[in-house]
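[1] below are the sequence and a predicted model for it; my questions follow.
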Amino acid sequence: MRSPKDFFAPLALGAPAPVREIPVTPSRMIHFFDPGNEKMAAKVPDIAKKVDVLLGNLEDAVRADRKEAARAGLVSIAKATDFGRTQLWTRVNSLDSPWVLDDLVTLVTEIGDKLDVIMVPKVEGAQDIHYVDRLLAQLEARAGLTKPLLVHAILETASGVANVEEIAGASPRMQGISLGPADLAASRRMKTTRVGGGHPGYLVRTDPTGDDLNEGRTTYQQDLWHYTVARMVDACAMHGILPYYGPFGDIRDVVACEDQFRNAFLLGCVGAWSLHPVQIDIAKKVFSPSPSDVAWARRVIAEMGDGTGAVMIDGKMQDDASVKQCRVVAELADALAADDPELAAAYDAATKETLG
Ligand SMILES: CC(C)(COP(=O)(O)OP(=O)(O)OC[C@H]1O[C@@H](n2cnc3c(N)ncnc32)[C@H](O)[C@@H]1OP(=O)(O)O)[C@@H](O)C(=O)NCCC(=O)NCCSC(=O)C[C@H](O)C(=O)O
Ligand SMILES: [Mg+2]
């Protein structure tokens with residue numbers, strides 16, 4: 001482990017200095033596309049205007065015989081496209097694969113100035129981040145980059161979950177962590193074959209009311225991912241980086257997708273992956289606080305003055321802690337509204353109605 005004194009030192013001569021704070025720009029949806037798929041690639045300029053993050057995926061979902069085409073496609077799309085304020089990320093192949101070294105060397109040297117974040121799959125522990133950290137520094141120096149690339153880990157192995165706190169704090173490049181429920185389920189030998197979401201078999205049942213064990217007993221489906229998401233959120237918050245829910249594979253089931261995204265939002269995640277255009281608006285809606293919640297938060301902040309003491313608002317006690325909760329919502333709303341006049345107007349209208 002590096003000494004705390006060296007933590008922010010560049011890992012190669014000529015590499016840019018690591019960031020001290022992770023930039024908090026909207027990243028409600030990380031939109032996945034296969035850069036080697038011509039139909040998807042053709043949609044990139046339009047989709048870029050609608051999403052916070054566009055991610056050129058090189059790993060799973062790209063066939064082995066299309067890996068080079070995906071990598072080359074991402075290079076040409078990045079060179080040809082003005083992404084405006086939309087961030088460009090990539091997911092490289094896993095560190096044990098035959099493709100990852102060429103992914104990193106090619107992308108950093110060819111389009112390192114266009115990329116914001118490199119997503120690393122199947123991270124097992126801090127050692128994986130340390131490897132990528134040093135290699136990126138060497139490549140940044142070679143490419144003459146002035147802005148350091150950030151790293152995002154996918155939490156999708158049992159050992160990754162066991163080591164999530166050390167992964168989150170492994171490098172100043174660490175931008176965030178996403179849950180990868182499909183690989184994680186396989187790694188843990190869970191018996192769900194779904195990509196994220198719940199399972200009807202994972203439930204609790206109310207007690208029997210009489211001798212008939214089948215009579216009148218309601219069941220409630222439980223969330224398979226609650227423990228992991230909560231643990232990931234804590235690890236990220238502890239290290240000042242951002243947590244995300246990952247994929248929801250049942251593209252047709254937009255209702256359950258919204259539920260899964262909202263659970264993650266309420267637990268502290270800032271965004272989720274969109275795998276298909278239909279999931280973009282779901283993520284935008286869910287990961288933007290509602291106008292009524294924003295109006296309430298602004299009202300509590302206004303009525304709490306310097307933020308200390310206790311007051312009653314509509315029968316509810318507010319104090320130093322609840323004003324901090326409200327600041328989380330209000331600050332997120334302000335950050336999102338700064339880039340979105342429609343959202344800003346909705347927040348201001350609801351606030352006006354509440355505050356008068
Ligand atoms: C899931 C898909 C394979 C579905 O594609 P398709 O069958 O083509 O769907 P549609 O016919 O409904 O598509 C309509 C049009 O939209 C285009 N399209 C589809 N998806 C995208 C997209 N993501 N970005 C841009 N454009 C998209 C189609 O080409 C159609 O175009 P047109 O015919 O011209 O109208 C497909 O959506 C897909 O491949 N999505 C991405 C999948 C992916 O990236 N998976 C990897 C992430 S999840 C994962 O890895 C698991 C995780 O790591 C874990 O372990 O949990
Ligand atoms: Mg995966």
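    Received the coordinates, thanks. What you see is a predicted model, and the numbers here were worked out from it, not measured in a lab. Ligands and ions are numbered 1, 2, ... in the order given.
[2] please enumerate the strands of the chain.
    Counting by DSSP state E, one finds strands in the chain at the ranges 29-33, 53-57, 87-91, 117-120, 150-155, 174-179, 203-205, 219-221, 242-244, 272-274, 311-313, 316-318.
[3] minimum distance to ligand 1: which of those strands has it?
    strand 29-33 (3.6 Å; Cβ to the nearest ligand atom). Using the backbone N, CA and C atoms, a C-beta is placed for each residue, glycine as well.
[4] quick one: the closest one to strand 53-57, angle?
    30 degrees (axes from the mean of the first three to the mean of the last three Cα atoms, to 10 degrees).
[5] how about residues contacting strand 29-33?
    40-41, 43-44, 47, 51-57, 61, 89, 91, 178, 244, 247, 271-275, 279-280, 283-284, 287 (Cβ atoms under 8 Å, 6 or more residues apart in numbering).
[6] distance of residue 202 from residue 356?
    For residue 202, the distance to residue 356 equals 47 Å [Cβ to Cβ, to the nearest Å].
[7] which of the two has more neighbours?
    Regarding residue 202 and residue 356, a neighbour count based on other Cβ atoms under 10 Å identifies residue 202 as having more, with 13 against 6.
[8] isn't that one right up against residue 221?
    Yes. At 6.6 Å, residue 202 counts as touching residue 221 under the criterion of Cβ atoms under 8 Å.
[9] give me the neighbour count for the residue in the stretch 251-356 of the chain that ligand 2 sits nearest to.
    Across the stretch 251-356 of the chain, no residue is closer to ligand 2 than residue 273, which sits at 10.4 Å (Cβ to the ion). If you count neighbours by other Cβ under 10 Å, residue 273 ends up with 26.
[10] which residues touch it?
    Taking Cβ under 8 Å, 6+ apart, one finds 29-32, 55, 178, 244-248, 279 in contact with residue 273.
[11] same check, this time on residue 142
    By Cβ under 8 Å, 6+ apart, the contact set of residue 142 is 108-109.
[12] look through the protein and state the residue closest to ligand 2.
    Closest point on the chain to ligand 2, by Cβ to the ion, is residue 183, at 3.5 Å.
[13] find the nearest non-adjacent residue to that residue, please.
    residue 156 (3.7 Å; Cβ to Cβ, 6 or more residues apart in numbering).
[14] I figured the one you found hits residue 122, correct?
    Yes. With contact defined as Cβ under 8 Å, residue 156 reaches residue 122; the gap is 5.8 Å.
[15] okay, and the common contacts of the two?
    What both residue 156 and residue 122 touch, as defined by Cβ under 8 Å, 6+ apart, is the set 180, 183.
[16] between the two, which one's more packed in?
    Taking neighbours as other Cβ under 10 Å, residue 156 and residue 122 compare with residue 156 leading, 26 against 23.
[17] quick one: neighbours of the nearest residue to residue 209 once chain neighbours are set aside, just the number.
    Leaving aside its chain neighbours, residue 209 sits nearest to residue 216 (5.2 Å; criterion: Cβ to Cβ, 6+ apart). Applying other Cβ under 10 Å, we find 9 residues neighbouring residue 216.
[18] how near is residue 216 to ligand 1?
    Residue 216 sits 38 Å away from ligand 1, going by Cβ to the nearest ligand atom, to the nearest Å.
[19] now residue 336
    23 Å.
[20] repeat for residue 354
    For residue 354, the distance to ligand 1 - Cβ to the nearest ligand atom - is 38 Å.
[21] same thing with residue 148?
    For residue 148 relative to ligand 1 (Cβ to the nearest ligand atom), the value is 25 Å.
[22] pLDDT below threshold where in this structure?
    Regions of the chain meeting the criterion pLDDT under 70 are absent.
[23] near ligand 1, which residues of it?
    Within the chain, the positions adjacent to ligand 1 are 32-33, 39-40, 43, 47, 57, 60-61, 154, 156, 180-183, 195, 246-247, 251, 275-277 by Cβ under 6 Å from any ligand atom.
[24] give me the buried subset of those residues.
    32-33, 40, 47, 57, 154, 156, 180-183, 195, 246-247, 275, 277 (16 or more other Cβ atoms under 10 Å).
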